[in-house]
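> sharing a model prediction with you, sequence too.
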Amino acid sequence: MKIGSMLGDLLKSLFKRPVTQMYPFKKTPTPERLRGRLFWDPEKCVGCQLCIKDCPANAIELVVLDKVNKRFVMRYHADRCTRCAQCVISCRFKCMNMSNEVWEEAAANKQPFEVYYGKDEDVGFLLEQAARPESDGACAEE
Amino acid sequence: MSISLPPWFVLLFFPGGLFLMASGLVYQWVDRKLVARFQNRVGPRFLQPLADLIKSLAKEEIVPKGVHTFLFQALPIIALASALTSALYTPLFGLQPFFTFKGDLIVTLYMLSGLTLCIGLAGANTVQSFSMIGAVRTLTQLFSYEAPFLLALLGPAIAAQSWQITRINEFAGDNLWMIVAQPIGFIVALIGLMGKLELPPFDAPEAETEIVAGALTEYSGRGYALFHLAKDVELVIGLILVASFYLGGLNNPLEFVLKTFSLLLVIALFQTLFARLRIDQTVGLWWRVGAILALLQMVVILIGRYVSPLLTGG
Amino acid sequence: MTDQSGVNKFVVPIGPQHPALKEPGHFDFTVDGEIVTGASIRLGYVHRGIEKGAEDRTWTQNIYLMERICGICSHVHASSYALGVENLADLVSPPRSKAIRQIMAELERIHSHMLWLGVAAHEGGFDALFMYSWRDRETVMDLLEKVSGNRVHYSANVLGGVKFDITPELADEIRMGLDILEERNRHYLNIIMNDETLIARTRGIGTMSKETVERLGAVGPTARASGSERDLRLDAPYCLYKEFPVKLVNHSAGDLHARFIVRTEEVIESIRNIRLVLDNMPEGELTVRVPRRIPAGEVYSRVEAPRGELFYFIVSGGGEKPERVKVRTPSLCNWGTITAVAVGHKLADMPMILAGIDPCFSCNDRLVTVRRNHHEPQVWSWEQLRRYGVEYYK
């Protein structure tokens, strides 16, 4: 039966540094397996769309520009993504990985959260098409 | 140490008035920082209490329905006024009090109780369950710690044969420190101070997890700021009283700073060390243990004062 | 405060917004001075329609929906669902994945109990214990982040196994973390057993006998603190609990103090179990292939969440989406104990009794239909539901 059983802890803490991490002035390195933002490698993708079927948050969409020549553009909604990494497991060709460096993603508007992945010419082609007014039939849609 | 200043200056600026309110904020900061360091955290920055005060003063004051409006708005001002007035008779900042008369110890103590009474009234005024429970607890706690605390402060008064704070201060400075001569009284005074200031473990009247903020739940804006300022000033005055009586008097600013801050260190330690006591446990503790210890100390003092000269034939 | 007619109707509302509650819930305590004379509970503030949402998502997508029913019990929800679906598909996940599921579940139990210790200490005004136990909780959260990639919502499960492996280096790091955790938790156990002020706030409060617990159907550490011997890891072992069993931790006193002791001892027992599994991890692959269409049938699966017995009932119609997923969370069973013990205690004890059952409000909010005899079950359309809600709040 003691009164003040935490006395030892309290007195020791007076002489130690506080355990608070002074973020953002000091940042500890992130662990290797941290599930940050999703990244996609267009080289390996065959367009099977298993990742899209399995995503619980409808965060990825694949725009098929040319299925035979494997020209795809992936539209990734970083704000819908729950970072669950199911897509990484579902993909049989290891196209996806979750970065462990890009995880501080706060932004003041929605712009940074709609990300297009793909070869540069493909993405450029898609964005150009989206900027042009809609014409029926001629463009390859998803 | 004594310096001469015109009365209006003392009342408004130094060492009463603004200086006292500023030192209340400083003491609040030291208290919060120490508590945080004991809990292995960083704690607030130096200007945090000032920022809190300014923010609260700037916010809209919402007067709830069903209260007596005049009382609602006047009570914080009365509380702050009584806290500031009671400070005038104490050796603030180590200087001789500017206003002093025989019996001013009683006046100081009762003005501080008046502050607690204001808080209780403020809680009872608002017709809301949390405030009323907080008010009842505040007044219950007032009943329970007043007697032992007053007795503990009367011990040095009896030893100094005077009820005037200046005389007691001088007596404490000239003789053996009371903490050695009346140790039981010191313990009762220190714990009683924590009860008076509603610091943990005696913070049942404002238990955050049970009754939100106790008697002050409905206060916002200016009233809230003034009540908290009054409590900070009460902290300073309480520390001054206990330090000057038991730690050998406050005769110059350096002694003032050292002694009050060391007392604050001990109080901060006690704040973090214990869980909160329920109000019935607080009352039980005080009326059993506290009162008995205080009476015991009284008896010892009286024996020392009156019986031993008879025995030694002096 | 009390009117002269003798009927003391001073009602203190706690919630839905209150510093004592971490999640919204409403409690009405009728008090007379400080003594509580009546209690009533109202829940439902966090109902999100998860069971209905589960019917619109495929089997794989549902793992992540079920995981997000609760933040602290997320892994056991996903595990229970995955176990049930694997059972329906007549598959068994490989032993190594079972071991990893068990390790994650026990780490989550440690995390949950340390969080609870801090919260309960905070309700009792003991902020030092709150801050220290949450500081040490960071150790287990860092371990979980190293292993799984996230501090909460570990997403360890896939249908048929787990996503990641525990390499020997990781196993060593886990062992080092466990050493620290064990030392700190033994220290906290010492404080709980010996600190006078904490004992003054917890001994004799909220006492429940074993019969009361059986009658009310309480589960988990709340029941085990009153002497009950139900622990699903021993009664109906899943994962590898048969080969690596846990010891039953219970206490006979039945009061709040006993609940503190039971939970802290469970942490120490979990640490021992993790060490045992780490030392004897079976080799093998991590997943087994589960088809996209699960054969028709019904299955129930139960696991021991940190709060008690978690129960899933899954019905499959043979397609890609489930027909019905019914979740019965442990906190739902423990609410009855509060109204049973509240009367007679002081108001100041109420937050501590609430914290003592370790309520997880988010887990709780399901729609419960009570079917009376001779009445046909009613199906409400969206319009009817909306109209009912509007009328209710008028």
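Done, it's in.
> could you use CA atoms for every contact and neighbour count after this?
OK.
> and the gap between the residue nearest to residue B:252 when sequence neighbours are not counted and chain C?
Once flanking residues are discounted, residue B:252 sits nearest to residue B:94: 4.2 Å by C-alpha to C-alpha, 6 or more residues apart in numbering or on different chains. In this structure, residue B:94 and chain C are 34 Å apart, going by C-alpha to the nearest C-alpha, to the nearest Å.
> give me every residue that touches residue B:94.
By C-alpha atoms under 8 Å, 6 or more residues apart in numbering or on different chains, residue B:94 lies in contact with B:1, B:250-256.
> state the number of residues packed around residue C:177.
By other C-alpha atoms under 10 Å in any protein chain shown, 15 other residues sit near residue C:177.
> and for residue B:50?
Residues near residue B:50, counting by other C-alpha under 10 Å: 15.
> likewise residue C:176?
Residue C:176 has 12 nearby residues by other C-alpha under 10 Å.
> need phi/psi at it.
phi -60, psi -40 (degrees, to the nearest 10).
> now do the helices in the stretch 151-300 of chain B.
For the stretch 151-300 of chain B, helices defined by DSSP state H, counting those that start in this stretch occupy the ranges B:165-174, B:178-181, B:183-196, B:208-211, B:222-246, B:253-273, B:279-285, B:291-302.
> off-centre distance for the last one?
The gap between the average C-alpha position of helix B:291-302 and the chain average comes to 22 Å, counting by C-alpha atoms, centre = their mean, to the nearest Å.
> and that helix, what does it pack against?
If you count contacts as 3 or more C-alpha pairs under 8 Å, 6 or more residues apart in numbering or on different chains; DSSP states H and E, helix B:291-302 packs onto helix B:129-160, helix B:183-196.
> next, the angle from it to helix B:183-196.
On the basis of axes from the mean of the first three to the mean of the last three C-alpha atoms, to 10 degrees, helix B:291-302 is oriented at 140 degrees to helix B:183-196.
> and after helix B:291-302, which helix or strand comes next?
The C-terminal neighbour of helix B:291-302 among helices and strands, as given by DSSP states H and E, is helix B:308-312.
> quick one: distance of that following helix to the chain centre.
On C-alpha atoms, centre = their mean, the centre of helix B:308-312 falls 37 Å from that of its chain.
> try stretch C:210-225
With C-alpha atoms, centre = their mean, you get 15 Å for stretch C:210-225.
> likewise for stretch B:252-263?
Distance of stretch B:252-263 from the chain centroid (C-alpha atoms, centre = their mean) equals 16 Å.
> and the helix or strand that contains residue C:334, average pLDDT?
Residue C:334 belongs to helix C:330-342 when assigned by DSSP H and E. Computed over helix C:330-342, the mean pLDDT rounds to 87.
> which residues touch that helix?
So helix C:330-342 is contacted by C:36-41, C:206-208, C:213, C:216-220, C:222, C:305, C:307-310, C:350, C:353-354, C:357-361, C:363-364 (C-alpha under 8 Å, 6+ apart).
> give me the number of residues near the residue lying closest to residue C:198 once chain neighbours are set aside?
Distances taken as C-alpha to C-alpha, 6+ apart place residue B:275 nearest to residue C:198, at 5.8 Å, with adjacent residues excluded. Residues lying near residue B:275 (other C-alpha under 10 Å) number 27.
> do you know how far residue B:275 is from residue B:185?
24 Å (C-alpha to C-alpha, to the nearest Å).
> re earlier: with mean neighbour count added, can I get the helices and strands packed on helix B:291-302 in CSV?
Formatted as CSV, those follow (neighbours: other C-alpha atoms under 10 Å in any protein chain shown):
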stretch, mean neighbour count
helix B:129-160, 22
helix B:183-196, 23
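> nearest to chain C, of those?
When the helices and strands packed on helix B:291-302 are compared by C-alpha to the nearest C-alpha, helix B:129-160 sits nearest chain C, at 5.8 Å.
> the closest one packs against which elements?
helix B:104-125, helix B:165-174, helix B:183-196, helix B:208-211, helix B:222-246, helix B:279-285, helix B:291-302, strand C:10-14.
> can you pull the contacts of residue C:244?
Residues in contact with residue C:244 (C-alpha under 8 Å, 6+ apart) are C:273, C:276-277.
> related to what we said a few turns ago, now, the contacts of helix C:330-342 that are in helices?
The helices, defined by DSSP state H, take in C:213, C:216, C:220, C:222, C:350, C:353-354, C:361, C:363-364 from these.
> residue B:172: which of these is nearest?
Using C-alpha to C-alpha, residue C:350 is the member of the ones in helices among the contacts of helix C:330-342 that lies nearest residue B:172, at 46.8 Å.
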